[in-house]
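Novice: just the structure for this:
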Amino acid sequence: MHEDTSFRIFILFFFRFFRFFLIRLPSNSSSFHSSASPFRVMSLGVGTTVYQQLVRRVVGATGLLPAGVEAALSFAQMGEKKGKAVTGSNSSSNLKEENSVPQFVFSSSQACKLSGSDLSVERVTYLVEKEFNDSCSELGKADALPVTVSSQGPRLFLHAKWKDYIDRGVKEGGSSWTDFSFSPNESGGEIVVEFSSPNIGKPFHAGHLRSTIIGNVLANMYESAGWLVHRRNYLGDWGRQVGVVSYGYDKFGSAERFKKEGLKHLLDVYVQASREMENSDDARAAISLYCDKLESGDEDAIRVWQQFTTESISSYRHMYHRLNIKFSEYEFESTYAALVDQIVDLVRAKERKFGGKSILKVEDNGAIIVDLTANEENLSHSVLRKANGSSTYLSRDLGAILSRIGHSTVDKYLYVVANEQTLHFQQLMRVLGLIDANVAKRCEHIPFGFVEGLSSRRGNVVFLSDILDETKRRMLITIQESKNDQALSSEEMDFVADELALSSVLVQDLKAKRIKNYTFDWNRMLQTTGDTGVFLQYTHARLCSIERKSGLEPYNKKELVTWKDDVVQCTHAQKIAHLLLQKYNIRNDVLRTNDPSVFVQYLFYLSRTISSSLPHLRVKDEPDMELARQRLTLLCAARSTLHQGLAIIGLIPLERV
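Specialist: As a prediction, the model looks like this:
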C-alpha cells in the first residue's frame with residue numbers, strides 16, 4: 001500500500017515538475033554555483049500526452065524510492081502554489097510581455113533531492129537525461145528543449161542545450177506550417193468552412209468584414225495542418241430581406257440610379273422600406289406578398305430577384321479580390337427553399353418527445369413549428385414551414401446541411417456566423433441531431449462578436465471600400481513623406497499603400513478575441529502605430545532589407561552549423577528561437593479554439609522580439625563574417641515564419657515599405 005502511494009506521489013511530482021522543466025541560464029553563466037541563486041524554469045507548452053509518456057519512461061528507468069519522492073513532493077507543491085500564473089502556458093495569450101516567454105522562478109536550494117534513492121546520484125543523473133531527451137526527441141519536434149542533467153551534492157539540475165535549441169529553432173522557423181501537419185495523435189481530415197455569407201442587395205460594409213476574415217484565417221490554418229478545406233460562401237438570396245429590398249425598389253427605386261450606383265441604391269431603398277414597414281401594416285403585407293410570389297415562382301418576382309442577385313455577386317467578387325480572399329464554392333439559400341416539405345417529413349419520421357411534449361406542432365393557421373421549450377436548454381420554438389407552405393430560415397439551413405454532408409466524407413463543418421445567431425444555430429443543431437445525429441456532431445457554430453453601432457436597416461453603415469480607400473490615402477501620404485533610401489516607383493507605391501491599408505484593417509479586427517463585440521471607430525480602423533498590421537509588415541520588410549544588404553547567404557536547413565557562443569549565449573537569440581519553436585503549438589491552439597487572435601498575438605510577440613533583438617544581432621557591420629552569417633540565418637528563419645504568418649492572415653508580405 002505504501003509503495004503504491006509513493007508511486008502515485010512520484011507521478012504527481014513529475015507531472016508538476018515537467019510543466020516547468022526548461023531552465024533558462026543567466027547569459028553570463030553556464031551553471032549554478034550558489035544554492036541561493038534563483039533560476040528560471042520556462043515551459044514550451046508540452047502537451048499532456050508528452051507529460052504522461054515522459055513520466056512513464058523516466059519512472060520506469062529510475063525507480064525512485066519513497067524518501068526521494070517526499071522531497072520531490074514538497075517541490076511540486078511549492079510549484080503548484082506559486083505557478084498558477086502560468087497554468088496552461090501552451091497558449092500564446094499567457095506569454096509574458098517582459099520576456100516573450102512564460103516564466104516561473106525557483107531557488108536552486110529547492111531543487112529535487114535524490115538522497116533517498118537506492119540508485120546512485122550519478123546513475124539517476126544519467127538515466128533522467130537519457131530518458132528525458134529520448135522521449136522529447138520521439139514525441140515531437142518542438143515539444144521540449146534538449147537538456148543535460150548534472151548533480152551538485154544531493155541535488156539534480158537540468159541545463160539547457162542552447163546550441164541544439166538554436167539549431168532546431170532555425171530549422172523549424174524556416175520550415176512551413178505544413179511541415180508540422182501531423183503528430184502521433186493528429187491527422188488531417190476534410191472540412192468545410194462556411195464564412196462571409198452576406199445577404200444580397202447590401203454593399204459590403206464593416207459588419208460583413210468579421211465573418212469574412214475570421215473564416216479565411218481558419219480555412220488557411222486548417223489547410224496548413226494538412227486538412228482538405230472547402231471554402232464555402234452561402235449567400236442570403238432568399239427570405240424576408242429580399243422582400244424588403246424588392247418592395248423598396250418598387251416604391252422608391254430608380255432604374256437609372258440602380259445602373260449607376262448599384263448596391264448603394266438598393267441599400268437606400270432598403271432603409272426607406274424598413275422604416276415604412278415598422279409603421280405600416282400595408283407595407284408588411286406587401287413585403288410578405290412578394291416573398292410568397294418568389295416562393296411560388298412568379299416570373300416578375302424571379303426576374304427582379306435575379307437582377308439583384310447578379311449585381312450583388314459582381315460587387316462582392318470585387319471586394320473579395322481586394323481582400324485577397326478566394327472561395328472554392330458559392331451556394332445560395334434559394335437552392336434549398338423547395339426542400340421544406342422533405343424536411344418536415346424527416347422531422348416527423350424521427351420525431352421524439354422532449355419533456356413529455358411533441359417537438360413538432362401545427363399552429364391554428366397551418367404553420368408547422370418546432371417546439372423546443374421543454375428541453376434542457378429551453379430553446380424556445382421556431383417556424384419550420386409557414387402557413388402558406390413557404391420555407392423558413394431554419395428549414396432552408398436544414399436542407400442545405402443535409403444535402404451537403406449527409407452522405408459525404410466531410411469530417412467537420414464550421415459555420416462562421418455572428419453570435420447574435422446563436423439561438424438559431426442551437427435550434428438548428430437540436431433539430432439536426434434529431435434527424436441525423438452523425439451529421440449534427442460534425443457541425444459547429446463559430447460565433448464572433450459583432451461590430452456595434454452599425455445597422456443596415458437604419459442606414460448606419462460604413463462601407464468597407466470607403467475604409468480601405470481612406471486608409472490607403474493616409475498610407476500614401478506617409479510613404480511619400482518617409483525618407484526611404486529604397487525609392488519606390490509610383491506603381492510600387494500604390495501597391496504598397498494598398499497592402500498596408502488592408503494590413504491595418506484586417507489586423508485591427510483580428511487581434512481582439514473572436515467572441516468580443518467592438519464599436520466601430522474610424523480611429524481604430526485607421527491606426528498605424530503600436531500592435532498593428534503595419535508594424536507586422538514593417539518588421540518583415542526590415543528583415544528583408546537586412547538580408548539584401550548583408551551580402552551574405554544564410555545557411556540552409558541541410559547545412560551543419562557550428563553555432564558560435566556569441567549566438568548561443570545571447571538571450572535575444574534564445575528568445576527568437578523559443579518563439580520559432582512555438583509554431584506547431586500556436587497552430588494547434590488556433591485549431592483548438594478556432595480563434596485567430598491567438599495567432600495574431602503570436603505574430604506580435606515575434607515581431608516585438610525581433611525588433612528589440614536587432615541591435616544585439618548585428619549583421620551588416622559585424623567584422624566576424626561567420627558570426628554575421630549565423631545571425632543572418634536566425635533572422636531569416638524569423639522572417640520566414642513572419643512571412644508565412646502574414647500569408648495565413650490573408651496578406652501579401654511586403655519586402656519594401
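Novice: who are the neighbours in contact with the closest residue to residue 635 other than its chain neighbours?
Specialist: Closest residue to residue 635 apart from its sequence neighbours, by Cβ to Cβ, 6 or more residues apart in numbering: residue 543 at 5.7 Å. In short, each C-beta sits where N, CA and C put it, glycine included. By Cβ atoms under 8 Å, 6 or more residues apart in numbering, the contact list for residue 543 reads 610, 635-636, 638-639, 642.
Novice: which element, helix or strand, includes residue 543?
Specialist: According to DSSP states H and E, residue 543 maps onto helix 533-550.
Novice: now for the helix or strand following that helix, which elements pack on it?
Specialist: With elements assigned by DSSP H and E, the helix or strand that comes after helix 533-550 is helix 565-568. Here helix 565-568 touches helix 162-173, helix 625-649, going by 3 or more Cβ pairs under 8 Å, 6 or more residues apart in numbering; DSSP states H and E.
Novice: the same query, at a cut-off of 6 Å, please.
Specialist: helix 162-173 (3 or more Cβ pairs under 6 Å, 6 or more residues apart in numbering; DSSP states H and E).
Novice: for the helix it packs on, output the C-alpha coordinates as PDB.
Specialist: Extracted in PDB, the C-alpha atoms of helix 162-173 (Å, rounded to 0.1, in the frame of the first residue of the first chain):
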ATOM      1  CA  TRP A 162      21.100  26.000 -26.200                       C
ATOM      2  CA  LYS A 163      23.200  25.100 -29.300                       C
ATOM      3  CA  ASP A 164      20.700  22.300 -30.100                       C
ATOM      4  CA  TYR A 165      17.800  24.600 -29.300                       C
ATOM      5  CA  ILE A 166      19.000  27.400 -31.600                       C
ATOM      6  CA  ASP A 167      19.700  24.900 -34.300                       C
ATOM      7  CA  ARG A 168      16.200  23.500 -34.100                       C
ATOM      8  CA  GLY A 169      14.600  26.900 -33.900                       C
ATOM      9  CA  VAL A 170      16.300  28.000 -37.100                       C
ATOM     10  CA  LYS A 171      15.400  24.800 -39.000                       C
ATOM     11  CA  GLU A 172      11.800  24.800 -37.900                       C
ATOM     12  CA  GLY A 173      11.400  28.600 -38.200                       C
END
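Novice: that one vs helix 625-649, what angle?
Specialist: Helix 162-173 runs at 40 degrees relative to helix 625-649, counting by axes from the mean of the first three to the mean of the last three Cα atoms, to 10 degrees.
Novice: buried sites along helix 162-173?
Specialist: Within helix 162-173, the residues that count as buried by 16 or more other Cβ atoms under 10 Å are 162-163, 165-173.
Novice: okay if I get those as TSV plus distance to residue 231?
Specialist: What follows is these, written out as TSV (distance: Cβ to Cβ, whole Å):
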residue	distance to residue 231
162	42
163	43
165	37
166	38
167	37
168	33
169	32
170	33
171	31
172	28
173	28
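Novice: pLDDT weak spots in the stretch 501-650 of the chain?
Specialist: Along the stretch 501-650 of the chain, segments meeting pLDDT under 70 span 520, 522, 525-526, 528.
Novice: give me the number of residues near residue 491?
Specialist: Per other Cβ atoms under 10 Å, the neighbour tally for residue 491 reads 8.
Novice: can you pull the pLDDT of it?
Specialist: For residue 491, the pLDDT comes out at 90.
Novice: next: residue 230.
Specialist: We have a pLDDT of 95 for residue 230.
Novice: do the one 3 residues further on as well
Specialist: Residue 233 is assigned a predicted lDDT (pLDDT) of 97.
Novice: what helix or strand is it on?
Specialist: For residue 233, the host element (DSSP H and E) is strand 228-235.
Novice: packing partners for that strand?
Specialist: With 3+ Cβ pairs under 6 Å, 6+ apart as the test, strand 228-235 has strand 190-194, helix 206-224, strand 329-332 packed against it.
Novice: can you give me the buried ones in the shortest one?
Specialist: Along strand 329-332, the positions that meet the burial threshold by neighbour count (16+ other Cβ under 10 Å) are 331-332.
Novice: quick revisit: what's the angle from the helix holding residue 543 to helix 625-649?
Specialist: Interaxial angle, helix 533-550 versus helix 625-649 (the same axes, to 10 degrees): 150 degrees.
Novice: name the helix or strand of this protein that has the lowest mean pLDDT.
Specialist: Within the chain, no helix or strand scores below strand 103-107, which has a mean of 24 by mean pLDDT, DSSP states H and E.
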